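Trainee: Whatever this is, show me its structure:
(2 chains)
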Amino acid sequence: MKLQVVYFARYREALGLDGEALEGDFQVLDDVRKALLERGQGYAVLAEQNLMCARNQELCRLAEPVAEGDEVAFFPPVTGG
Amino acid sequence: MAIRVQAQPFDAGQEVNAMHAANVGVGAVVAFVGYVRDFNDGREVAGMFLEHYPGMTEKALDKIVVQAQQRWPLLKVEVLHRIGALQPGEPIVFVGIASAHRQAAFDACNFVMDYLKTQAPFWKKESTALGPRWVEGRQSDQDAAERW
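Mentor: Here you go, the predicted model:
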């Protein structure tokens, strides 16, 4: 399965990238997060308890199923307004 | 309904006037304006950068406004949010709600702001004398959104 993963704010800075293409066997969004976490270094931010995520630009939970071609996003709690 | 995400400053007075300009059925307008402060969490703030998630931001705001419209009888809703570089004293966000009677407008404005604070993908980065820092999400904002 091919996905596009995007990062924002503090996570984007920790990783030094806006996003990346990812290929693997994933069922839910948490599988994607865990696969990335295994890479170590900057990816450690994805272990944060208050991490937020989105699938195809809609907020969701880590248990959300993922499908081919999805855009998955990981980011810290939002602080607008 | 109008949703705008823009780098340019706005005039809150003009926005309020536009809330009832074309509709004499409007009996109440409630508006919230958020500004950049020059002090936060123990540090002086010289400026701020607002990052967002292009595409999702508009969708998230749209969803929040639709929810407000389903809960209260609203005549007009406007949400305006700045992005990019901002200086202390500049407006960040405008939420305007027009309705026939005040209570719906007060409640809906509060609701939209609480949801915007916890669900719209914006992030603030402050410039301080000790260097830049990301503003952290607050539990009090989460609690405020959960009461609805």
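
Trainee: only C-alpha atoms for contact and neighbour calcs from this point on.
Mentor: OK.

Trainee: Pick out the residue closest to the middle of chain B.
Mentor: B:Val93 (3.8 Å; CA atoms, centre = their mean).

Trainee: Within range of chain A, give me the residues from chain B.
Mentor: Contacts of chain B with chain A, taken as CA under 8 Å from any CA of the partner chain, map to B:34, B:50-53, B:55-56, B:59-60, B:81, B:92-93, B:113, B:116-124, B:134-137.

Trainee: let's go with 7 Å and repeat that
Mentor: With CA under 7 Å from any CA of the partner chain as the criterion, chain B meets chain A at residues B:34, B:51, B:56, B:92-93, B:116-124, B:134-137.

Trainee: picking that back up, nearest spatial neighbour of the residue nearest to the centre of chain B, chain-adjacent residues omitted?
Mentor: B:His81 (4.5 Å; CA to CA, 6 or more residues apart in numbering or on different chains).

Trainee: Give me the helices and strands touching the helix or strand harbouring the one you found, please.
Mentor: Element membership for B:His81 (DSSP states H and E) is strand B:74-82. For strand B:74-82, the elements it packs on are strand B:2-6, strand B:91-99, judged by 3 or more CA pairs under 7 Å, 6 or more residues apart in numbering or on different chains; DSSP states H and E.

Trainee: okay, now A:Arg55: neighbour count?
Mentor: 21 (other CA atoms under 10 Å in any protein chain shown).

Trainee: Just the C-alphas of the strand holding B:His81, formatted as PDB.
Mentor: Below are the C-alpha coordinates for strand B:74-82, written out as PDB (Å, rounded to 0.1, in the frame of the first residue of the first chain):
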ATOM      1  CA  LEU B  74     -28.300  31.300  12.500                       C
ATOM      2  CA  LEU B  75     -28.600  33.800   9.700                       C
ATOM      3  CA  LYS B  76     -25.000  34.300   8.900                       C
ATOM      4  CA  VAL B  77     -21.700  32.900  10.100                       C
ATOM      5  CA  GLU B  78     -18.300  34.300   9.200                       C
ATOM      6  CA  VAL B  79     -14.900  32.800  10.200                       C
ATOM      7  CA  LEU B  80     -11.700  34.500   9.300                       C
ATOM      8  CA  HIS B  81      -8.300  33.300  10.300                       C
ATOM      9  CA  ARG B  82      -4.900  34.700   9.600                       C
END
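
Trainee: In the sheet, which strands lie alongside that strand, parallel or antiparallel?
Mentor: Looking at strand B:74-82 with DSSP bridges, its partner strands are strand B:2-6 (parallel), strand B:91-99 (antiparallel).
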